[in-house]
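A.B. asks: A predicted structure for the sequence below; I have some questions about it.
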Amino acid sequence: MSDTQSETFSDELLGFSIPSRDSRGRAVRLGPVLEDVLSAHDYAPALKHALAEALVLVTLMGGLLKDEGDQLTMQAQGEGGIVSLLVCDYRDGQIRGYVEHDEEQMAAEGVNPSLEALFGKAHLAITFDIAKIGKRYQGIVPLEGNSLSAAVESYFAQSEQIPTLIRTAITSGSGRTTAAGLLVQHLPEGEEGRERLHVRMDDPEWEHVSVMAESLRHEELVEAGLSLEEMIWRLYHEEEKVLISPGASLSKGCRCTVEHFEDVLSRFPKEDRRDMADEDGIILVDCAFCSKVFPILD
């Protein structure tokens, strides 16, 4: 494994690749930045867990983006469950997210609802916004299985045709939540006119990489004193070469500003803005991500 000047423990992305296995990966452990995002709302533990897992996933996928200004957004929309909408995004190391839900249903369901109870009949939409070319790409898959991670694996298999394995772990203790994840993918190049190798889920190189990743334990992912570099070394130290590439430092990234909301409101007809305003001509805009209220003078 290549040398690094410092080790990565939390709130930073870590990229790696295994050239001999045509594989790449991303690892992350969210600590204070996760607490910062979650603190905007008083979520029940099950909702905190779901949003924490979603933020890990969007960070791992966001780490695959190439250029400044690129954004990845993940939305889980449900019908008939506790959650009607879970949305989070990643851009240039900044993450944010929130959950719209029915508080009465949450209280009635208990402390550990299943994914189906949380979302009901639902789908997962993953959107890539590529800044340089101004293009947007979106894939939608059913929200099925036991976790959001399983749905994201299905997205890569169905929409991207890239064998992908994801491991996530969330723990809460002493009033703090830590969430971590590992994503590995197989990316061999198929020759023109032949089978596209990366759609083969049974490729022996991929089988080896994925089996090693599956051996990663929940406790290792969230262990505060275990660097991400050491975690990757434990999995792949027998490989000829593992290349490490430090990623972005992470922060809470709510992008709400008075100027932004003024621009949005300016697109509404005057009559509509008048109906929104109070008796003093102030429109109160509530940001769902950070739970702040912005007074906008009409």
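C.D. replies: Thanks, I have the structure now.

A.B. asks: and the helices in the chain?
C.D. replies: 32-38, 45-62, 103-109, 115-119, 148-155, 204-214, 218-222, 228-236, 258-265, 270-276 (DSSP state H).

A.B. asks: most packed of these?
C.D. replies: helix 45-62 (a mean of 24; mean count of other Cβ atoms under 10 Å). Backbone N, C-alpha and C define where each C-beta goes, glycine included.

A.B. asks: just the angle between that helix and helix 148-155, please?
C.D. replies: 30 degrees (axes from the mean of the first three to the mean of the last three Cα atoms, to 10 degrees).

A.B. asks: make CSV out of the helices of the chain and add mean pLDDT and distance to Leu165.
C.D. replies: Below are these laid out as CSV (pLDDT from 0 to 100; distance: least, Cβ to Cβ, whole Å):
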stretch, mean pLDDT, distance to Leu165
helix 32-38, 96, 22
helix 45-62, 97, 11
helix 103-109, 92, 30
helix 115-119, 94, 19
helix 148-155, 95, 7
helix 204-214, 94, 5
helix 218-222, 96, 13
helix 228-236, 97, 12
helix 258-265, 80, 38
helix 270-276, 87, 47
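
A.B. asks: got those as JSON lines, with distance to Ala76 columns?
C.D. replies: Converted to JSON lines, the helices of the chain look like this (distance: least, Cβ to Cβ, whole Å):
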{"stretch": "helix 32-38", "distance to Ala76": "16"}
{"stretch": "helix 45-62", "distance to Ala76": "7"}
{"stretch": "helix 103-109", "distance to Ala76": "16"}
{"stretch": "helix 115-119", "distance to Ala76": "6"}
{"stretch": "helix 148-155", "distance to Ala76": "7"}
{"stretch": "helix 204-214", "distance to Ala76": "24"}
{"stretch": "helix 218-222", "distance to Ala76": "22"}
{"stretch": "helix 228-236", "distance to Ala76": "26"}
{"stretch": "helix 258-265", "distance to Ala76": "24"}
{"stretch": "helix 270-276", "distance to Ala76": "29"}
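
A.B. asks: which of these sits closest to Lys132?
C.D. replies: For these, proximity to Lys132 was assessed by Cβ to Cβ; helix 45-62 is nearest, at 15.9 Å.

A.B. asks: what sits against the nearest residue to Pro113 once chain neighbours are set aside?
C.D. replies: Excluding its sequence neighbours, the residue lying closest to Pro113 (Cβ to Cβ, 6 or more residues apart in numbering) is Ala46, at 5.5 Å. Applying Cβ atoms under 8 Å, 6 or more residues apart in numbering to Ala46 gives the contacts 106, 109, 111-113, 118.

A.B. asks: try 10 Å
C.D. replies: 82-83, 101, 106, 109-114, 117-118 (Cβ atoms under 10 Å, 6 or more residues apart in numbering).

A.B. asks: what do you get for Ser172?
C.D. replies: 45, 48-49, 52, 178-179.

A.B. asks: just curious, which of the contacts of Ala46 is nearest to Cys290?
C.D. replies: Distances from Cys290 to the contacts of Ala46, taken as Cβ to Cβ, are shortest for His101 (17.4 Å).
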